[in-house]
Structure formats: C-alpha cells, structure tokens
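Colleague: 3D model of this:
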Amino acid sequence: MFSDLDRAVRGRLRTLSKDNADGVGRHLVMVGRLLDTEPELAYEHAQAAVRRAGRVDVVREAAGLAAYRTGRYAEALRELRTVRRLNGSSEHLAIMADCERGLGRPERALALAQEPEADTLDAESSIELAIVVSGARLDLEQPDAAVAALSTAAVRAATGLVAVRVAQARSTALEAAGRADEAAAELAPYTQEQLDEAAGDVEVEDEVVSFDLSEFDEDGEYDEDAFEAPAAADDSALAVADATAPTVPDDSARNTDDDADDEENDVVDGAEDASDGSDEADDATADEPDEYVDAGAADGRTLDEPENLLGGQESDEAEGGR
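Modeller: Residues are numbered from 1 along each chain as shown. As a prediction, the model looks like this:
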C-alpha cells in the first residue's frame, strides 16, 4: 500500500522515521483513494497524517485538498498557504482562489489570479484558474467579463475533460450574459455522460479499502495483518481514520512547530479579514458551505485532483518492486 505513493512523495517522507513514514504514507494513499467518493473520510485520514507529520509539505497539501473538497474553505486556505511557505509552490493557486470565492470574497480570488506566480502555472492549472476567475466575475455580477475570462486562445485550446469543464463554465457565463443560444451550443458537442463526469457526478464503484486505530499495535507500530478490505462497500464498519493517531517518538521533535504554523496562518487570515470587516460573514460562510457546493458544478468551481499523491502502477514498476 505504501508503494502506491508516487516516488517523489515517498522521498518527502524520508525525513520521518521508517515506521512513521509508513503509517503517514498509508493515510496519504487513503486520502487519494477516498477524495472523490468519501471526502469526509479522506479528510479524517488527512488529519491523522497531519498529527503525525505536520512539517511535511505533501501532508499539508493532502490536508488542504481534503479540506477544500469538504467545504472547509478557510482551513483549506491555511493549509495551502503553509504548503507555499514550505516548498515555494503555487500549483494550487486556483484552489486557493476558489476558496476565497467559497468564503464570499470574489475580489480576493481575482487578486490571487493576478499574482506573478499565476504566470508560472502549467497549462491545465492556468485553465483551472481562468474558470475560477470567470466564476468570480459572475459573483460580482459581471457576466461579460466572465465570458471574456474563458475566451483566450490558451483556454480554448483545452482538451479532454478540462475542455468539457471549460464548456460548462462558458455556458454558465453566456447564459448569465443573456446569450442562451450560444450557451446551449457550448454544451452540444458533449454527451450527458461527459458532462456528468466533468461536473463530478459520476459514481465510482471501486472497492474502498481503509484502516483505523485497531490496525496499530500498542507501541504504535503498523500491523500488516490487520489491514484488509471491508466485506462490502456499504459496511458500517468502513474504517474512519483514527481520531488520536499515535505519534512516533522519533518524529516528535519535527512536529513541534505545527501549532506555530497554524497560529501564523490564523494571524494572516485575521489581518486580511480585518481589512474588510468581513470576519463574521467569513465564519458563517465557512461553516455553511452547502449552498456554494451545490452551485459548484454550475458556476465552474475547480475540483483539483491530487494526482501527485498517487503514482499507481507506474510508480511500482519504476521502483522495481521495492
């Protein structure tokens, strides 16, 4: 199971003791497996990993993605800001901007999209950011600007599932601009199955494998024999990540700055919130994301897949079965 992680991710975990790296890695694998089908369960696994290795960037990245997928936008922002501080990467800029939208702050989403780091994004991430910008323009009741955000040559060159997502976002913007015929034409080339997949509405029937606290022995070591697939996908015993994952003593010194990280991020959030007097509104929005989540597929929210967490068979072959 640990070998399911991408080689680069496994390399990040080498700062931990072997036993702790193995436990954290298994939690990360479960985040990747469950993020689309059981986001709350994925979130619990991510939190368990953070408790064991909060100073590792890929762990905080998993926590940020899981928080985003469960509508915990303020928390996702804090985690992804921490990732930027730890490794200097801005690859999740689109998700950070979409979190600002989820918190009812489209102006901040646009500000993030205008940061210099936006120019360093790869093609797909740039398109995802454009989709978020279009949605932010709609939030601000600027439909023509929303259409323009998705009319650049780079965005129109999208292929595959990303192209379907662009078409959905353009259709929404065109509809808001009163151009119903053009909105319908955007979706016409695609089947309903393709549209559902792009919107994240396709059910995944893969067997879910998970583990819980019972899989660790009294010394906090991982028990291979205790790890097995549940008898049925709907079994009530589907394991929720342990609420109090044991901390391996060898790595306790590495995790002493976790609270300081969170406090620093809270200070940053607090300072930003104070600038526009939106504290209470932000909290209310973060606690009640349902309305935004329900509207997500229609207004072009980005749903970034954490592909870097899982390497699949290619990683196993590259590792030579290690």
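Colleague: I figured Gly200 hits Asp36, correct?
Modeller: Yes: between Gly200 and Asp36 there is a contact at 7.2 Å, judged by Cβ atoms under 8 Å. Yep, even glycine has a C-beta here, placed from its N, CA and C like the rest.
Colleague: Comparing the two, which shows the higher neighbour count?
Modeller: Asp36 (17 against 14; other Cβ atoms under 10 Å).
Colleague: which element follows the helix or strand harbouring Val31 toward the C-terminus?
Modeller: With secondary structure defined by DSSP states H and E, Val31 is part of helix 18-34. On the C-terminal side of helix 18-34, the nearest following helix or strand under DSSP H and E is helix 39-53.
Colleague: Give me the buried positions along that next one.
Modeller: For helix 39-53, a neighbour-count test (16 or more other Cβ atoms under 10 Å) marks 39, 41-53 as buried.
Colleague: I'd like to check what contacts the following helix or strand past it. Which residues are they?
Modeller: Next helix or strand after helix 39-53 toward the C-terminus (DSSP H and E): helix 57-69. Residues outside helix 57-69 that contact it (Cβ atoms under 8 Å, 6 or more residues apart in numbering) are 9, 12-13, 24, 28, 31-32, 35, 39, 42-43, 45-47, 49-50, 53-54, 73, 75-80, 82-83, 86-87, 89, 92, 95, 98-99, 303-304, 306, 308-309.
Colleague: Please repeat the previous calculation with a cut-off of 6 Å.
Modeller: 9, 12, 28, 31, 35, 39, 42-43, 46, 49-50, 53, 75-76, 79-80, 82-83, 86-87, 95, 306 (Cβ atoms under 6 Å, 6 or more residues apart in numbering).
Colleague: now do stretch 147-160
Modeller: Contacts for stretch 147-160 (Cβ under 6 Å, 6+ apart): Ile127, Ala130, Val133, Ser134, Val166, Ala169, Arg170, Ala173, Leu174, Ala177.
Colleague: nearest spatial neighbour of Leu129, skipping sequence neighbours?
Modeller: Closest residue in space to Leu129, ignoring its immediate chain neighbours: Ala94 at 4.1 Å, by Cβ to Cβ, 6 or more residues apart in numbering.
Colleague: for the contacts of stretch 147-160, which one is nearest Arg108?
Modeller: Nearest to Arg108, judged by Cβ to Cβ, of those is Val133 at 12.0 Å.
Colleague: Just the CA coordinates for the helix or strand harbouring the closest one, please, in PDB.
Modeller: Using DSSP H and E, Val133 maps to helix 123-139. Taking C-alpha atoms only, helix 123-139 is exported to PDB below (Å, rounded to 0.1, in the frame of the first residue of the first chain):
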ATOM      1  CA  ALA A 123      -1.400  24.900 -18.900                       C
ATOM      2  CA  GLU A 124      -4.000  22.900 -17.100                       C
ATOM      3  CA  SER A 125      -3.600  24.900 -13.800                       C
ATOM      4  CA  SER A 126      -3.900  28.100 -15.800                       C
ATOM      5  CA  ILE A 127      -7.100  27.000 -17.300                       C
ATOM      6  CA  GLU A 128      -8.500  26.000 -13.900                       C
ATOM      7  CA  LEU A 129      -7.600  29.400 -12.600                       C
ATOM      8  CA  ALA A 130      -9.400  31.000 -15.600                       C
ATOM      9  CA  ILE A 131     -12.500  29.000 -14.700                       C
ATOM     10  CA  VAL A 132     -12.300  30.300 -11.100                       C
ATOM     11  CA  VAL A 133     -11.800  33.900 -12.400                       C
ATOM     12  CA  SER A 134     -14.900  33.500 -14.600                       C
ATOM     13  CA  GLY A 135     -16.900  32.300 -11.600                       C
ATOM     14  CA  ALA A 136     -15.700  35.300  -9.500                       C
ATOM     15  CA  ARG A 137     -16.800  37.700 -12.200                       C
ATOM     16  CA  LEU A 138     -20.200  36.100 -12.100                       C
ATOM     17  CA  ASP A 139     -20.200  36.500  -8.300                       C
END
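Colleague: then the helix or strand immediately after that helix in the chain to PDB, C-alphas only?
Modeller: Next along the chain after helix 123-139, taking DSSP H and E as the criterion, comes helix 143-149. Output in PDB follows, covering the C-alpha atoms of helix 143-149 (Å, rounded to 0.1, in the frame of the first residue of the first chain):
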ATOM      1  CA  PRO A 143     -21.200  38.300 -16.900                       C
ATOM      2  CA  ASP A 144     -19.400  39.800 -19.900                       C
ATOM      3  CA  ALA A 145     -16.100  39.800 -18.000                       C
ATOM      4  CA  ALA A 146     -16.900  36.200 -17.000                       C
ATOM      5  CA  VAL A 147     -17.200  35.200 -20.700                       C
ATOM      6  CA  ALA A 148     -14.000  37.100 -21.600                       C
ATOM      7  CA  ALA A 149     -12.000  35.200 -18.900                       C
END
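Colleague: for the record, mean pLDDT for the helix or strand following helix 143-149?
Modeller: Using DSSP H and E, the helix or strand that follows helix 143-149 in sequence is helix 153-156. What helix 153-156 shows for mean pLDDT is 95.
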